[in-house]
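Engineer: predicted model follows, preceded by the sequence.
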Amino acid sequence: MEGNGVLTPVKEMNSLGTKFDLLDLLWICKNLDLQSFKKRLKDARDRYDILMEKIILEHKEARNKNGAGADTVKDVLDILIDISEDENAEMKLTRENVKAFVMVMTLRYACVHKLLQYCIYTCTRRHTSLF
C-alpha cells in the first residue's frame, strides 16, 4: 500500500480541519473562504479519494489475478473489501466506509508514531549523562 501517499492528504485534512477559521465567528460571512480552508480541505479530500480508489482497484485486480480461492494473505483492506462485497453481511459497508476506516487508521498510526518519537527523544535527552 502506498503509505506515504495516503498519509500526506490525511495529515493535511486533519491539520486544516482543526485550524481556527476567523469566519466561524462571523456567521454572516460563513460562505466566504478568505483563508481558503474550504478549498484546501476539498483539494486534500479529493486527492485522498482518488488515491484510495486507485488502491482499492489495485487490490481487487490482484485478487482477481490470484483467484478468489487462492491461499494468499489478506490485509485489512482486503477484508474490508470482502465485507463490502458480501451480499449476506450483517452490516453493509460502502466504499466510503472503507475509505473512512483507512483514513482513521492512518491518522491513528501517524499520532502513535509521533508520540513514540517524542517519548524516545525525551528519554534519550534525560539520560544523556549515562551514555
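Structural biologist: Cool, the structure landed. Residues are numbered from 1 along each chain as shown.
Engineer: residues contacting the closest residue to Y48 other than its chain neighbours?
Structural biologist: Excluding the flanking residues, the one nearest Y48 by C-beta to C-beta, 6 or more residues apart in numbering is P9, at 3.9 Å. Quick note: C-beta positions are derived from backbone N, CA and C, even for glycine. By C-beta atoms under 8 Å, 6 or more residues apart in numbering, the contact list for P9 reads 44-45, 47-48, 51.
Engineer: most neighbours, which of the residues you listed?
Structural biologist: Counting neighbours by other C-beta atoms under 10 Å, Y48 leads the contacts of P9 with 22 neighbours.
Engineer: show me what contacts it?
Structural biologist: 6, 9-10, 13, 99, 103.
Engineer: next up, identify which helix or strand the residue nearest to Y48 is on.
Structural biologist: For P9, the element it lies in under DSSP states H and E is helix 3-17.
Engineer: which phi and psi does the residue nearest in space to the middle of the chain have?
Structural biologist: Among the residues of the chain, the one closest to the centroid is M103, at 2.2 Å (C-alpha atoms, centre = their mean). When read as degrees, to the nearest 10, the backbone of M103 gives phi -60, psi -50.
Engineer: which stretches in this protein count as helices?
Structural biologist: 3-17, 37-66, 76-85, 95-126 (DSSP state H).
Engineer: need these in a markdown table (columns: distance to N31 and mean pLDDT).
Structural biologist: Converted to a markdown table, the helices of the chain look like this (distance: least, C-beta to C-beta, whole Å; pLDDT from 0 to 100):
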| stretch | distance to N31 | mean pLDDT |
| --- | --- | --- |
| helix 3-17 | 18 | 74 |
| helix 37-66 | 9 | 86 |
| helix 76-85 | 35 | 89 |
| helix 95-126 | 25 | 78 |
